[in-house]
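Student: Take this sequence and fold it.
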Amino acid sequence: MQVIKELLDTFFSDVGVFDAICVTFQMAFCATAISSVLGILLGLLLERADFVGKKVVIRINRTLMGVPPVVVGLIVYMLLMRRGPLGRLNMLFSIRGMILAQVLIITPIICGMTYTTLVSRAPAVRAFAKTMGADRLQTQWLVVRELKKELYFAVVTGFGRSISEVGAVMLVGGNIKGHTRTMTTTISLLKSQGIFTEGLTLGLLLLLMAFVIQSLADFFQKGERSDENY
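Tutor: Numbers count the residues shown, from 1 in each chain. Alright, predicted model coming up:
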């Protein structure tokens, strides 16, 4: 690992690329995992619940799906700053603070995609489960299993949004070398310094790493389907 770090730092000047890669994926994986649990659960609850103001809640969630990340970053910054309501947590300019900002950005996306999928396909699955005599818990589990491809796509979309984000993490993380600097903020830094070749190369590296992770996820998903068929 030390050799890889030295090679990357030598090729990409002295901007801490290896540390930026580690921070990027630590932040992206943690934020996506938290947002996936929250988003899917909220989507399930929203699809099943029947309450006054449900349409308003759905519209609010759809609005949050397209909220500018820099706005979320500013809100989180104000919450975590020393005089803010969450200032005592000491999360500003830390990976934890960046994860919090990412969760607020990604969760509405996964929730909205989950809800849309459930509205269109879940009723048929529940009708089938009812004819088979399944109870409520078994029915919900069947819905999740039958729609796991769509839920997987929602999670992948959230991960893609997380790994490519720059505005919120720049505000909340502060782009501190070796601490909160990510691949996207490094690209932004290189661009501001006029080092376009290294910035473009790092961008291609980011795409390649995202492609590898996506391919691995698809591989394991295919392996799971093969086991089920067997």
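Student: going forward, measure contacts between C-alpha atoms and count neighbours the same way
Tutor: Fine.
Student: pLDDT of stretch 119-133, averaged?
Tutor: For stretch 119-133, mean pLDDT rounds to 86.
Student: Dump the C-alpha coordinates for that stretch into CSV.
Tutor: C-alpha atoms of stretch 119-133 as CSV (Å, rounded to 0.1, in the frame of the first residue of the first chain):
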residue,chain,number,x,y,z
VAL,A,119,-46.5,1.8,-6.1
SER,A,120,-46.3,0.2,-9.6
ARG,A,121,-45.3,-3.4,-8.7
ALA,A,122,-45.9,-4.1,-5.0
PRO,A,123,-49.8,-4.5,-5.3
ALA,A,124,-49.4,-7.5,-7.7
VAL,A,125,-46.9,-9.2,-5.4
ARG,A,126,-49.0,-8.6,-2.3
ALA,A,127,-52.1,-10.1,-4.1
PHE,A,128,-50.0,-13.2,-5.0
ALA,A,129,-48.8,-13.5,-1.4
LYS,A,130,-52.4,-13.2,-0.1
THR,A,131,-53.5,-16.1,-2.3
MET,A,132,-50.6,-18.2,-0.9
GLY,A,133,-51.7,-17.4,2.7
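Student: buried residues in that stretch?
Tutor: 122, 125, 126, 129 (16 or more other CA atoms under 10 Å).
Student: doesn't residue 144 make contact with the second one?
Tutor: No - taking contact to mean CA atoms under 8 Å, the distance of 9.8 Å between residue 125 and residue 144 leaves them out of contact.
Student: can you give me the helices for the chain?
Tutor: Using DSSP state H, the helices found in the chain span residues 2-11, 17-48, 54-65, 69-80, 95-131, 136-146, 148-163, 167-173, 183-192, 196-229.
Student: Point out the other helices and strands that the third one packs with.
Tutor: In this structure, helix 54-65 packs against helix 95-131, with contacts taken as 3 or more CA pairs under 8 Å, 6 or more residues apart in numbering; DSSP states H and E.
Student: Run through this structure and note the low-pLDDT ranges.
Tutor: 1-15, 220-230 (pLDDT under 70).
Student: about what we covered before: out of the buried residues of stretch 119-133, who's nearest residue 115?
Tutor: residue 122 (9.7 Å; CA to CA).
Student: contacting residues around that closest one?
Tutor: residue 143 (CA atoms under 8 Å, 6 or more residues apart in numbering).
Student: With residue 109 instead?
Tutor: Taking CA under 8 Å, 6+ apart, one finds 39, 62, 64, 65, 154, 158 in contact with residue 109.
Student: How about residue 182?
Tutor: Taking CA under 8 Å, 6+ apart, we find residue 182 in contact with 19, 20, 21, 23, 24, 175.
Student: and of the residues you listed, the nearest to residue 74?
Tutor: Taking CA to CA as the measure, residue 74 sits nearest to residue 175 out of those, at 14.7 Å.
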